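Asker: Got a sequence here, can you model it:
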Amino acid sequence: MPTVVFVHGTGVRRSGFAALARRVTAGFTALRDDVRVVPYYWGDRHGAALAAGGASIPPEAGTGRAISDYPDLSRADDEVAAWDVLYTDPDAELVLAAALAGRTHERPPGSALPEQMLQERLRTLDAGGANDTFDCATVMAEATARLGAHPLLGPAAAALDRDELASLAARALVAYTFRRALEDGHPVIPDGRSRDALVSRIARHLGASPAGSERGFRTHVLGAAGALASRAVLRRRHSLTHAAHPVAGDVLRYLCRGEGVRRDLHALVSGLEPPVVLVGHSLGGIIALDSLVLSPLPGVRLLVTVGSQAPFLYESGSLPSLVHPEPLPPHVPHWLNVYDPRDLLGYVGARLFAGRVTDEPVDGRQPFPAAHSSYWTNPRVYRLIAERMS
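Answerer: Next comes the predicted model:
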């Protein structure tokens with residue numbers, strides 16, 4: 001009778017593990033009635049916990065001495081939240097302004113359209129030396145050409161006065177440029193004061209008056225939704241951290257102090273009758289692989305990792321048991337690696353360990369991050385494993 005030892009992944013605690021173990025057991029026994037499933041729960045004993053009850057979390061906004069240096073925190077949060085929206089979509093303000101196109105300003109007969117004046121100033125914008133943290137001239141030139149040809153520029157210009165239009169355009173250019181820097185992984189990003197100074201300088205070039213170029217989000221169409229979200233996150237930081245910390249904390253704790261969880265798994269498997277199939281999900285797959293590499297378990301006839309980062313950690317030099325290009329030790333059994341191409345936490349190993357790993361893709365028809373947790377309701381996952389059981 002084959003025994004499946006199931007090793008769970010990050011963030012799983014007692015209440016959720018019971019349901020997960022039932023689901024995994026049902027998935028295997030539906031295919032083979034001679035399979036015994038032994039869950040290995042390590043979350044309480046070896047998982048991350050906030051030992052001091054969250055003493056490391058900053059006080060909530062408006063409480064504690066840590067906030068005393070920020071008397072205008074609420075307004076600052078509104079602006080930070082609005083910039084978060086713009087970094088995600090630099091056109092967000094432009095789209096919203098265009099929706100206000102019914103609000104028009106009287107203009108002298110024969111005067112140039114406001115978007116034409118802005119387009120001319122965009123063509124003469126010199127971004128050289130605009131920022132001393134990273135060279136943004138090339139990206140800024142791309143941003144100005146893009147904004148000048150944007151189909152919503154005309155409708156937005158009809159809804160705004162000169163200062164509003166110039167300030168909106170400046171924010172769009174800076175947001176586009178900073179977003180590219182973030183995407184490129186630039187190690188230093190200017191702080192809010194430097195960013196706002198750059199916005200003001202560009203806004204003045206684009207036609208804003210000195211006072212108008214200083215306009216912040218207090219006067220503009222964004223802010224309300226972002227402000228509410230930002231303040232809600234600040235208020236809920238304690239609860240959010242308590243809810244989210246096991247996921248990242250479990251990984252960090254394992255990489256720093258993983259001996260205990262491996263030792264307990266080794267003891268569990270050593271007491272079972274072979275053949276044993278060791279199945280690990282996510283971090284559980286890393287634990288299973290490391291355990292086999294570091295200490296032979298002759299009874300294990302098959303290693304299965306599902307949605308696991310083990311190949312990535314090995315290639316990046318972060319796997320505790322093995323460093324690239326070291327080969328898998330001969331005592332490690334064949335390795336079946338199951339991954340969903342939409343799961344951004346699932347990696348492949350066949351190209352790293354030729355002949356020792358079989359990569360099998362599955363389609364859970366879920367986007368990430370749901371794809372990372374949907375393996376255990378996918379019948380193909382169980383079939384792939386059952387077909388290779390001895």
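Asker: low-confidence ranges in the protein?
Answerer: Low-confidence segments of the chain (pLDDT under 70): 60-78, 101-112, 127-135, 212-246, 390.
Asker: could you measure Trp42 against Gly207, distance?
Answerer: Spatial separation of Trp42 from Gly207 under the definition CB to CB, to the nearest Å is 62 Å. Just so you know, the C-beta spots here come from the backbone N, C-alpha and C atoms, and that holds for glycine as well.
Asker: So for these two, which sits in the more crowded spot?
Answerer: Trp42 (22 against 19; other CB atoms under 10 Å).
Asker: Please name the residues that touch the nearest residue to the more buried one once chain neighbours are set aside.
Answerer: Distance criterion CB to CB, 6 or more residues apart in numbering; nearest residue to Trp42, sequence neighbours excluded, is Val261 at 4.8 Å. Val261 makes contacts with 42, 45-46, 254, 287, as judged by CB atoms under 8 Å, 6 or more residues apart in numbering.
Asker: Which secondary structure element is home to Val261?
Answerer: Following DSSP states H and E, the helix or strand that holds Val261 is helix 259-270.
Asker: Heading C-terminal from that helix, find the next helix or strand.
Answerer: Taking DSSP H and E as the definition, the helix or strand right after helix 259-270 is strand 276-281.
Asker: can I get the CA coordinates of the helix or strand that that following strand is followed by in PDB?
Answerer: Under the assignment DSSP H and E, the closest C-terminal helix or strand after strand 276-281 is helix 283-294. These are the backbone C-alpha positions of helix 283-294, laid out as PDB (Å, rounded to 0.1, in the frame of the first residue of the first chain):
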ATOM      1  CA  LEU A 283       7.100  25.900   0.500                       C
ATOM      2  CA  GLY A 284       6.200  22.300   1.400                       C
ATOM      3  CA  GLY A 285       7.900  21.200  -1.800                       C
ATOM      4  CA  ILE A 286      11.100  23.000  -0.800                       C
ATOM      5  CA  ILE A 287      10.900  21.400   2.600                       C
ATOM      6  CA  ALA A 288      10.500  18.000   1.000                       C
ATOM      7  CA  LEU A 289      13.300  18.400  -1.500                       C
ATOM      8  CA  ASP A 290      15.700  19.800   1.100                       C
ATOM      9  CA  SER A 291      14.900  16.900   3.500                       C
ATOM     10  CA  LEU A 292      15.700  14.300   0.800                       C
ATOM     11  CA  VAL A 293      18.900  16.000  -0.300                       C
ATOM     12  CA  LEU A 294      20.300  16.400   3.200                       C
END
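Asker: what does the helix or strand following helix 283-294 rub up against?
Answerer: Scanning forward in sequence from helix 283-294 by DSSP H and E, the next helix or strand is strand 300-306. Under the criterion CB under 8 Å, 6+ apart, residues 2, 269, 274-282, 285-286, 288-289, 292, 332-339, 346, 349, 375, 381, 385, 388-390 lie in contact with strand 300-306.
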